[in-house]
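Novice: Quick one, fold the following:
(one chain, ligands or ions: 1)
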Amino acid sequence: MYQEKNTPVLGYCRNCGQKIMGYRNADGLLKVECPFCHTRYVSQQKSRRHIVEDIYAPTGEEVISYN
Ligand SMILES: [Zn+2]
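Specialist: Numbers count the residues shown, from 1 in each chain. Have a look, this model is predicted:
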């Protein structure tokens with residue numbers, strides 16, 4: 001079901017809105033850190049219709065918004 005090699009994923013930082021890019025690996029796991037505000041994203045694709053996403057604010061800060 002999953003591709004063999006890493007898949008580039010393009011998106012926008014939920015915290016600062018800058019465009020960021022990461023790579024989803026063969027297991028469906030995507031880890032990316034925003035280079036602007038250093039918010040970290042961990043996204044696990046469980047199936048073709050289900051993605052679990054964790055957002056970590058930088059140490060000592062809070063995530064500004066969720067949308
Ligand atoms: Zn950001």
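Novice: Next one: C34 relative to C13, how far apart?
Specialist: Using C-beta to C-beta, to the nearest Å, C34 is found at 4 Å from C13. In short, each C-beta sits where N, CA and C put it, glycine included.
Novice: tell me, what's touching the two both at once?
Specialist: Residues touching both C34 and C13 (C-beta atoms under 8 Å, 6 or more residues apart in numbering) are I20.
Novice: Show me where this protein dips below the pLDDT cut-off.
Specialist: Scanning the chain for pLDDT under 70 picks out the ranges 1-4, 64-67.
Novice: List the contacts of the residue minimising distance to the centre of it.
Specialist: Centroid-nearest residue in the chain: Y41, 3.8 Å away (criterion: C-alpha atoms, centre = their mean). Going by C-beta under 8 Å, 6+ apart, Y41 touches R14, G22, L30, K31, V32, E33, C34, E53, D54, I55, Y56.
Novice: What of L10?
Specialist: K19, I20, M21.
Novice: and what of C13?
Specialist: Applying C-beta under 8 Å, 6+ apart to C13 gives the contacts K19, I20, C34, F36, C37, T39.
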